[in-house]
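Novice: after the sequence you'll find the predicted model.
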Amino acid sequence: MNAPKKIGIFGGTFDPPHLGHLKLATHFAKLFQLDELLLIPSGEPWQKAGNITPAKTRLQLTQAAAIDLARTFLYLKISTQIGVDRVEVDRAGPSYAIDTIQDLRRRYGSEASLIWLMGVDSLMTLPTWNSWKGLLTQVHFAVANRPEYDLEQAMSPEMRDFLTNHQTLEASAIENSPSGRIYLDKTLAVDLSSSDLRNRLRTPSGNSLGSDQISSHVLEIITNLGLYR
């Protein structure tokens, strides 16, 4: 019998996608030997304050990032198939993770291992998400640390209990079951701050940002469209 599929889900505003996102995606695709990785730009990110780049533009940026990510996978001999899913861009109303997860569970079936990729700061805000306690009935969470992030200080008692009940130290626990576990990666520290990057792009020195922050296809679109100026 064929083993259940392992599907990575990487949702976010992606305003813009940058090398921190691609590093996280590459690490977990290799660690879990994902069959597929879906990049899912949010449509209406209800928790984000301030001006957000239009969803269709962020979708275009995410598609460009996927091209560069595919090149990385090819170079590293990672066989994961990459897709950009517009499920949240096309859905009317606020983008809730629970709706996206339920859509994907219906698509891939009850046996597939669905693994939601995120940074640790997103995990700590989980209690503010819509229907957050039901998320792990549908997916796993694979979490990347951030440089110099103080997890103990950031963790609320509610999140401490949540981790106690669901955390696993073994990647195999994620791979071999459909949902229900949180894998907090101890080896990966990724800066996922798109807001800091936007602020830098808006400064007079923003034009000096290059391939060490943003992948080539994404940077080309940002430059051609005059974004974040």
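Specialist: Great, that's in hand.

Novice: who's in contact with residue 18?
Specialist: The neighbours of residue 18, taking C-beta atoms under 8 Å, 6 or more residues apart in numbering as the test, are 194, 197, 213, 214, 215, 218. (Glycine included, C-beta is placed from N, CA and C.)

Novice: now do it against residue 8, distance only.
Specialist: 18 Å (C-beta to C-beta, to the nearest Å).

Novice: over to residue 109?
Specialist: 16 Å.

Novice: neighbour-wise, which of those two wins?
Specialist: residue 8 (24 against 11; other C-beta atoms under 10 Å).

Novice: counting contacts, what elements does the helix or strand containing that one pack onto?
Specialist: Using DSSP states H and E, the element containing residue 8 is strand 6-12. Where contact means 3 or more C-beta pairs under 8 Å, 6 or more residues apart in numbering; DSSP states H and E, strand 6-12 is packed against helix 19-32, strand 36-41, helix 97-108, strand 113-119.

Novice: now the lengthiest helix in the chain against strand 36-41, angle please.
Specialist: Criterion DSSP state H: the longest helix present in the chain is helix 55-76. Helix 55-76 runs at 150 degrees relative to strand 36-41, counting by axes from the mean of the first three to the mean of the last three C-alpha atoms, to 10 degrees.

Novice: where does this protein have low pLDDT?
Specialist: The chain contains residues with pLDDT under 70 at 1, 47-50, 192, 204-211.

Novice: the closest residue in space to residue 201 that isn't next to it in sequence: how many residues sit nearby?
Specialist: Spatially, and ignoring its direct neighbours in sequence, residue 201 is nearest to residue 228 (3.8 Å; C-beta to C-beta, 6 or more residues apart in numbering). Around residue 228 there are 17 other residues, counting by other C-beta under 10 Å.

Novice: which of the three states applies to residue 228?
Specialist: At residue 228 the chain is in coil, as set by DSSP: H, G, I helix; E, B strand; the rest coil.

Novice: mind listing what it touches?
Specialist: 16, 53, 198, 201, 202, 206, 222.

Novice: next one: residue 10
Specialist: By C-beta under 8 Å, 6+ apart, residue 10 lies in contact with 21, 24, 25, 37, 38, 39, 40, 116, 117, 118.

Novice: looking at the helices and strands packed on strand 6-12, which is nearest to residue 75?
Specialist: In terms of C-beta to C-beta, the element of the helices and strands packed on strand 6-12 nearest to residue 75 is helix 19-32, at 10.0 Å.
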